[in-house]
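Visitor: Have a look; sequence and predicted model below, questions after that.
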Amino acid sequence: MEIPVPKYGDSGSKKLVVSWPHQKGVTAYKLEWSEYGYLRYRWASLSFELEATQEGTTVKKIIKGLKPSACYVARLFLRQDDGLKITWKGPSSVSAYMYTLSEEQETLKQQTYNEHAIKAIKTATNISMKACLDALDRGEVFEPVKTRNHQLRQSQQLLSNAERQNETAAAELKRAIDAKYEQETRLQALQSELDDYKNANGDARKEDVMRQLQLHRQKVASHAQTVEVLQTQLASKQSELSEREREVARLMADCHTAMQQAMDKAEAAQQELRLRLSTATEELEQQKHTVRLLQVCALWSKMLQVTRPSSTKWMISKLYWVV
């Protein structure tokens, strides 16, 4: 006998509805489920016996206490009792992935139910209102009915406004939920692929990761040694630079001293030149004075040699101009 596989029927944020066709001769079933994504499934179970059920009918069960926005799988065991021996068979193949709704999706789902209820109430109200209006037009209603009709009109207007607001909020919520659900579905798919890869290549992947980790550690150690060497070289360069800076400072001090000494020597030489120039100027003036005296003496000598008065007068005037 082939054991049926549970099929997804409906879902909420914390429940799933599964179903399968009833098999002839089966008196009890055991339904197991587990959240998908573990390296090994963690099965929870629910056993129940059946009342008299015809072959081919559908058995439905609700799995409660689940996580929102999670992925689950299920499998089935069945019990046969021929009156002499009780036999359990199973498990069946694992079902397809079944997803619980998020709280936002369940809210949207409930809101959709409410919208259908509102539409049904609105339809019934419209029918009743039309009947009342027709009766009013025919003059077949009393004043209380008119009052009730007015209240129904007001209720219908309020209901229409509430429905429009509800539709707007539902559209915005649906867009947000769809975006979130798309991201969650994608994340679950990636997680499933990762888990499958871990299941299929767990040991090899672990060894590969260990090798990569060891290689990474070696690279880190090598880089640490390189950094240490570079730090040593940097310290040496800094020491050499400090020595060069001290040497430059010393050379600048020596250069300043030499320049000061040269300036002092130049100043002394300039003072000496000034003194020599002054001395030479004085000697030149003295020589000029001596020359004038010699000229006076020569003129005086000539004047003494001349005996004429006119010549004497001329010599005196010449001596005056010489002196």
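Guide: Alright, I've got the coordinates.
Visitor: Can you name every helix or strand that the helix or strand in which residue 265 is found contacts?
Guide: When secondary structure is defined using DSSP states H and E, the element that contains residue 265 is helix 143-305. In terms of contact count using 3 or more CB pairs under 8 Å, 6 or more residues apart in numbering; DSSP states H and E, helix 143-305 is assigned the packing partners helix 103-137, helix 309-322. Where you see a C-beta, it was placed from the backbone N, CA and C, and this is true even at glycine.
Visitor: What is the distance between the first one and the centre of its chain?
Guide: This points to helix 103-137. 48 Å (CA atoms, centre = their mean, to the nearest Å).
Visitor: Is residue 15 in contact with residue 70, as I believe?
Guide: No - look at residue 15 against residue 70 with CB atoms under 8 Å: they stay out of range, at 11.4 Å.
Visitor: Overlap of the contact sets of those two?
Guide: Here residue 15 and residue 70 have residue 100 as joint contacts, going by CB atoms under 8 Å, 6 or more residues apart in numbering.
Visitor: Settle it for me: which of those two has more neighbours?
Guide: Between residue 15 and residue 70, residue 70 has the larger neighbour count (other CB atoms under 10 Å), namely 19 against 15.
Visitor: show me what contacts that one?
Guide: Residue 70 makes contact with 35, 99, 100, according to CB under 8 Å, 6+ apart.
Visitor: what's near enough to touch the closest residue to residue 69 other than its chain neighbours?
Guide: Using CB to CB, 6 or more residues apart in numbering and skipping residues adjacent in sequence, the residue nearest residue 69 is residue 102, 4.3 Å away. Shown here is residue 102, whose contacts under the criterion CB under 8 Å, 6+ apart are 13, 68, 69, 177, 180, 181, 184.
Visitor: Torsion angles phi and psi at residue 102?
Guide: Recorded main-chain torsions at residue 102 are phi -80, psi 170, according to degrees, to the nearest 10.
Visitor: what's the distance between it and residue 185?
Guide: Summarising the geometry, the distance separating residue 102 from residue 185, computed by CB to CB, to the nearest Å, is 11 Å.
Visitor: Please apply the same query to residue 296.
Guide: 137 Å.
Visitor: One more: residue 64?
Guide: 23 Å.
Visitor: Have a look at those two and say which one is more surrounded.
Guide: Under the criterion of other CB under 10 Å, the comparison of residue 64 against residue 185 puts residue 185 first, with 13 against 10.
Visitor: show me what contacts the more buried one?
Guide: Going by CB under 8 Å, 6+ apart, the list of residues near residue 185 reads residue 99.
Visitor: Which pLDDT value belongs to it?
Guide: Looking at residue 185, its pLDDT reads 72.
Visitor: cool, residue 21 as well?
Guide: The pLDDT attached to residue 21 in the predicted structure is 90.
Visitor: For burial, what's the neighbour tally of it?
Guide: 11.
Visitor: got a list of what the closest residue to it other than its chain neighbours touches?
Guide: The shortest distance from residue 21 to any non-neighbouring residue, by CB to CB, 6+ apart, is to residue 4 (5.5 Å). Remark: with contacts taken as CB under 8 Å, 6+ apart, residue 4 is in contact with 20, 21, 23, 76, 92.
Visitor: mean confidence score for the helix or strand where residue 79 lies?
Guide: Assigning secondary structure by DSSP H and E places residue 79 in strand 71-81. The predicted model gives strand 71-81 an average pLDDT of 90.
Visitor: Helix 143-305 and that one, what's the angle between them?
Guide: Orientation check (axes from the mean of the first three to the mean of the last three CA atoms, to 10 degrees): strand 71-81 against helix 143-305 gives 140 degrees.
Visitor: For strand 71-81, buried residues please.
Guide: Of the residues in strand 71-81, those buried under the neighbour-count criterion (16 or more other CB atoms under 10 Å) are 71, 72, 73, 74, 75, 76, 77, 78, 79, 80.
Visitor: Next, format those as a markdown table and append distance to residue 226.
Guide: Putting the buried residues of strand 71-81 into a markdown table (distance: CB to CB, whole Å) gives the following:
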| residue | distance to residue 226 |
| --- | --- |
| 71 | 48 |
| 72 | 52 |
| 73 | 52 |
| 74 | 57 |
| 75 | 57 |
| 76 | 62 |
| 77 | 63 |
| 78 | 68 |
| 79 | 70 |
| 80 | 73 |
